[in-house]
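# Okay, here's the prediction I keep looking at, along with the sequence it came from:
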Amino acid sequence: MIIRKPTIKIKRLLAAKSGKAVYDEVFHSGLNILSGCNGGGKTSVVQLLVYGLGYEVQHWKQEAGSCDEVFIECELNGQTVTLNRALQTQRASMQFFFGDLASGLRAGRSEWFSYPYNSGAKESFSQKLFEVLAIPEVKLDASENLTMHQLLRLIYSNQANPPSSIFNIEAFDSAFKREAIGKYLCGLYDNDLYDEKIELGRSEKALDKIISEIRAITSVLGRTQISSELFSTEQLRASYLEEIKSIREKIIALQEDTKLEYKQEKLATNQSAADITKIKETLYDLEVTQRDLEFEVEDIRLFLSELNQKLREVNDSLEAGSVLNSVAFKVCPCCFSELPDVTGDECSLCGSDDYLTRRNTNMLRMKNELSIQLRESNKIYDRKNEALNENSKKKKECERQLRQAVTKSIATVSVHNSQLEKGLFVYYAKVGELEQKIVDLERTEELRNAIAALSSKREGLQSRVSHLKGSIELKEGLARVRPGEVHSIISETVIAFLKSDSGSEKEFKEAEEVEYDFASSRVSVNGKTYFSESSISYLNNAFHLALLKLSLVKDYVRFPRLLILDGIENFGLEDQRSQNLQMNIKKYFSVEGVDHQIIIATKTIHPELDVPGVRVGSHFTEDAKSLKMQ
């Protein structure tokens, strides 16, 4: 069975109240039918199911709403994950356990990962689900991100909905939001294309700005008298410092030879020495901090590199595992003895019948932990880099202050002899000139470093701009092709269901053209949107089934191969039409080789489908409801 991304498959649903399980059933691939009389609790089960997946239920059935929490063991892209949500809070968080429900119930809370409803300091549970399902995040508008609740408005058909509405209705809805959700699930809303266009505009502006900055700096450097061809910056600095040292030695020698009397010698010397000592202490501290930060930054960089490598290896292992599931060893890789044949999904080496689940669960848990480590480590890396850059600036400024303080220390001593004063003045002037050259040299060096950094950025941006232009061109080409494909498949599927309807709706029998509009949340047949309420309800179900069919045909579709239809007899749909629809669902989807799941609730299950392999649990009645509250 092929597993396309994204795929959500429900394996087990457990609802609890006061520490006791009130509902606990296993689901399966393909068609799942919840059967029961009106008031038997079918909708209660559906509400608990969709809530556990992230949907915000507005009007709870009394018994369902009185539960304390719900657990859902599901497969996300083939990986087993258990979800848990409490019912007694608004916009409740979601707990994740990377394993099956039985293991999760045995495990301590420390092995569960909690994610809030809204993103902030921590990613939301919708973001985590999107990450596990390998689908992108998008913004519905300037302030709202796409959430699991919004996706479930189309994946789950609520029986309380008006029959003509494609989407489950909610307050503060908008046509733009509905269109974005519909296009996203159909693979037509390419958030990457939108983001790349925005990034291309920003990159081109940044590239123009960098080119302008390089030209400006180059023009300034062109007016300097320092030739980078003759000497390196370090060589020039060393030459100037050596010359300053030589002049200082001459000044000291001249002062000692002539036994000069100094005015305010003691005061000036002591003050200068104190200033120099203080600056040296500060410089030493900055140098120690610099070395520590450099070590920490490099250590974190290596750690990040290792984490990224591990994450790539985990992803590769998951991909390889999904491809090699069917590979069976014929010979033991250790002793080369022939191995016995295995049946079913058992491991050909150890014989375990759940090795795939255990392997994938462990890999998924490891991937989640690595993602958390990466996110936090990147934050630390950015903070340390910022501190390192700031410390480097302070260190450079401190070095400049130290040179000036040393020169000032010598220059504060004055002499009585005018001839000697003249000679010392020449020396001090020369030292000042050299100090200014060093300052100019450092500025020139900063400009050259800036050019090097900007040139590197320019190359990176130029490469990124070229890549974005190519990618945008490719995506725009696909964007022109996909809408036609999507419309064709949806239209054909809806028409097939309409023509096989056992009702008396003439327009359905003669259906040739189906149009749909996510923005207005409506479907039309041959240009007509008004039918009897029961026929509109049937058409709505057919459209949702067409979305599922589309996801099984095209791998770019983001509809998660899961469809939940609550109460298919809504608005007076006759029992005969309902049972006919059930058989058509079984017929149209039984031949697909792609893993999928359809969960429907009905009061009149077709006799051929009233079997354990299709029906989930027992038939609900007034005396034996779905939720065992007592």
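Sure, I can see it.
# contacts, neighbours, all on C-alpha from now
OK.
# Can you pull the phi/psi pair for Asn145?
In terms of degrees, to the nearest 10, the main-chain angles of Asn145 are phi -90, psi 150.
# So it is in contact with Gln127, correct?
No. Checked against Cα atoms under 8 Å, the pair Asn145 and Gln127 is beyond contact range at 9.4 Å.
# any residues in contact with both of those two?
Glu137 (Cα atoms under 8 Å, 6 or more residues apart in numbering).
# Surely Ser502 forms part of a strand?
No. Counting by DSSP: H, G, I helix; E, B strand; the rest coil, Ser502 is not found in a strand; it is coil.
# if we can go back for a sec, between Asn145 and Gln127, tell me which one has more neighbours.
Taking other Cα atoms under 10 Å, Asn145 and Gln127 do not tie; Gln127 has more neighbours (23 against 16).
# Let me know the helix or strand that the spatially most central residue of the chain is in.
In the chain, the centroid-proximal residue (Cα atoms, centre = their mean) is Glu131; its distance is 5.5 Å. Using DSSP states H and E, Glu131 maps to helix 125-133.
# got the buried residues for whatever helix or strand comes next after that helix?
The helix or strand immediately downstream of helix 125-133 is helix 148-155, counting by DSSP H and E. If you call a residue buried by 16 or more other Cα atoms under 10 Å, then helix 148-155 has these buried ones: Met148, His149, Gln150, Leu151, Leu152, Arg153, Leu154, Ile155.
# Please apply the same query to stretch 124-139.
By neighbour count on 16+ other Cα under 10 Å, the buried set for stretch 124-139 is Ser124, Phe125, Ser126, Gln127, Leu129, Phe130, Val132, Leu133, Val138.
# same question, stretch 287-302
Glu287, Thr289, Gln290, Leu293, Glu294, Glu296, Val297, Ile300.
# Tell me if the fifth one really is in a helix.
Same thing as Glu294. Yes. Assessed by three-state DSSP, Glu294 belongs to a helix.
# show me what contacts it?
By Cα under 8 Å, 6+ apart, the neighbours of Glu294 are Leu388.
# likewise the last one?
Contact analysis of Ile300 by Cα under 8 Å, 6+ apart lists Ser377, Tyr381.
# Kindly reformat the buried residues of helix 148-155 as TSV containing distance to Val591.
Converted to TSV, those look like this (distance: Cα to Cα, whole Å):
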residue	distance to Val591
Met148	29
His149	30
Gln150	30
Leu151	26
Leu152	26
Arg153	27
Leu154	24
Ile155	21
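# From those, pick the one nearest Ser29.
Of all the buried residues of helix 148-155, Ser29 sits closest to Ile155, with 16.2 Å by Cα to Cα.
# Please tell me how far the residue lying closest to that closest one once chain neighbours are set aside sits from Phe620.
Leaving out its chain neighbours, the residue that sits closest to Ile155 by Cα to Cα, 6 or more residues apart in numbering is Leu563, at 5.4 Å. Distance, Leu563 to Phe620, using Cα to Cα, to the nearest Å: 21 Å.
# which of those two has more neighbours?
Legend: neighbour count by other Cα under 10 Å for Leu563 and Phe620, higher for Leu563 (24 against 20).
# Longest strand in this protein, by number of residues?
strand 8-17 (DSSP state E).
# roughly how far is that strand from the heart of the chain?
26 Å (Cα atoms, centre = their mean, to the nearest Å).
# and Gln235, what element?
helix 233-257.
# And that helix, what's buried?
Thr233, Leu236, Arg237, Tyr240, Leu241, Ile244, Ile247, Arg248, Ile251, Gln255.
# Same question for stretch 169-183.
In stretch 169-183, counting by 16+ other Cα under 10 Å, buried: Lys177, Arg178, Glu179, Ala180, Ile181, Gly182, Lys183.
# hang on, isn't the second one packed against Ser521?
This means Arg178. Yes. With contacts counted by Cα under 8 Å, Arg178 reaches Ser521, the gap being 7.4 Å.
# what's the overlap in contacts for the two?
Counting by Cα under 8 Å, 6+ apart, the residues touching both Arg178 and Ser521 are Phe167.
# wouldn't Leu562 be in contact with His596 here?
Yes. At 6.0 Å, Leu562 and His596 qualify as touching, with contact defined as Cα under 8 Å.
# which one of these two has more residues nearby?
With neighbours defined as other Cα under 10 Å, Leu562 and His596 compare such that His596 has more, 27 against 24.
# Now for the more buried one: which residues touch it?
Thr7, Ile8, Lys9, Ser29, Gly30, Leu552, Arg561, Leu562.
# how about those residues in a markdown table, adding distance to Lys17 and pLDDT?
Below are the contacts of His596 laid out as a markdown table (distance: Cα to Cα, whole Å; pLDDT from 0 to 100):
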| residue | distance to Lys17 | pLDDT |
| --- | --- | --- |
| Thr7 | 30 | 96 |
| Ile8 | 26 | 97 |
| Lys9 | 25 | 97 |
| Ser29 | 28 | 94 |
| Gly30 | 30 | 94 |
| Leu552 | 37 | 95 |
| Arg561 | 31 | 96 |
| Leu562 | 27 | 97 |
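# Just send the residues you listed back as a markdown table, with distance to Ile276 too.
As requested, these are exported to a markdown table (distance: Cα to Cα, whole Å):
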| residue | distance to Ile276 |
| --- | --- |
| Thr7 | 69 |
| Ile8 | 70 |
| Lys9 | 72 |
| Ser29 | 79 |
| Gly30 | 81 |
| Leu552 | 77 |
| Arg561 | 74 |
| Leu562 | 74 |
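# Out of those residues, who's the most crowded?
Arg561 (27 neighbours).
# Check the gap between that one and Asp595 for me.
7 Å.
# and for these two, which residues touch both?
Shared contacts of Arg561 and Asp595, defined by Cα under 8 Å, 6+ apart, are found at Thr7.
# ok, back up a step: which neighbours do Leu562 and His596 have in common?
Residues within reach of Leu562 and of His596 at once, by Cα under 8 Å, 6+ apart, are Thr7, Ile8, Lys9.
# Just name the closest of those to Val314, please.
Using Cα to Cα, Thr7 comes nearest to Val314 of these, at 19.3 Å.
# I'd like to check which residues are in contact with the closest one.
Glu75, Leu76, Asn77, Gly78, Leu133, Pro560, Arg561, Leu562, Asp595, His596 are the contacts of Thr7 under Cα under 8 Å, 6+ apart.
# Now do Asn191, the pLDDT please.
On pLDDT, Asn191 comes in at 67.
# Phe425 now?
In this model, Phe425 is scored at 62, pLDDT.
# what does the one 4 residues further on give?
Predicted confidence (pLDDT) for Ala429: 68.
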